[in-house]
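Chemist: Any chance you can model this:
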Amino acid sequence: MGQMVCGSCHRLLSYPQGARHVQCSCCQTVNFVLEGSLYSFTPTDAQSMLFNNQSSSHQVGHVKCGSCSVLLMYPYGAPSVRCSSCRFVTEIGVHNRRPPLSVQQGPLPPPPSPVH
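Modeler: A predicted model of the protein is given here:
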């Protein structure tokens, strides 16, 4: 099984591997599946990876299921995620949460000096 977030309503969708399109059961939007988007890396059990897109509403994290170790995808800010395979609820701990954008960006660079 694969997982993705609906591009319209941001619900978590499950789909069979090899699918090219997934229709959201909530808003009926047809979503295109990007090949290899979930399986191009293998995070460790305690590690979560976050894809940084342009807005936080499109950011998703990945964590392994606490029961069956299936790689799960969850919307940014979710406190937990339910596995679509075994139905186990995996808590998204503090170590799996993304720091605020201001912390990630660091301090602002000094303004450029005027050219004479």
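
Chemist: What pLDDT does the model give residue 64?
Modeler: With respect to pLDDT, residue 64 has a value of 86.

Chemist: Low-confidence stretches in this protein?
Modeler: Residue ranges of the chain with pLDDT under 70: 35-58, 94-106, 108, 116.

Chemist: quick one: the helices in it?
Modeler: Here the chain has its helices, by DSSP state H, at 101-105.

Chemist: count of neighbours near the spatially closest residue to residue 82 that is not a sequence neighbour?
Modeler: For residue 82, ignoring the flanking residues on the chain, the nearest one in space by CB to CB, 6 or more residues apart in numbering is residue 89 at 5.1 Å. Every residue, glycine included, has its C-beta placed from N, CA and C. Counted by other CB atoms under 10 Å, the residues lying close to residue 89 total 12.

Chemist: begin at 24 from here
Modeler: Taking 24 as the first residue, the last one we looked at is residue 112.

Chemist: correct me, but residue 112 touches residue 104?
Modeler: Yes. With contact defined as CB atoms under 8 Å, residue 112 reaches residue 104; the gap is 7.3 Å.

Chemist: Tell me where this protein has strands.
Modeler: Applying DSSP state E to the chain gives strands spanning 25-28, 35-38, 44-46, 53-55, 72-74, 83-87, 94-98, 103-105, 112-114.

Chemist: From residue 51, how far off is residue 112?
Modeler: Computed as CB to CB, to the nearest Å, the residue 112 to residue 51 distance reads 27 Å.

Chemist: repeat for residue 138
Modeler: Using CB to CB, residue 138 is found at 56 Å from residue 51.

Chemist: same check, this time on residue 115
Modeler: With distances taken as CB to CB, residue 115 is found 28 Å from residue 51.

Chemist: ok, now residue 82?
Modeler: For residue 82, the distance to residue 51 equals 24 Å [CB to CB].

Chemist: Compare those two (neighbour count), which wins?
Modeler: Neighbours were tallied for residue 82 and for residue 51 using other CB under 10 Å; the higher tally belongs to residue 82 (16 against 10).

Chemist: Would you check that that one makes contact with residue 96?
Modeler: No. In this structure, residue 82 is not within contact of residue 96 by CB under 8 Å, at 10.9 Å.
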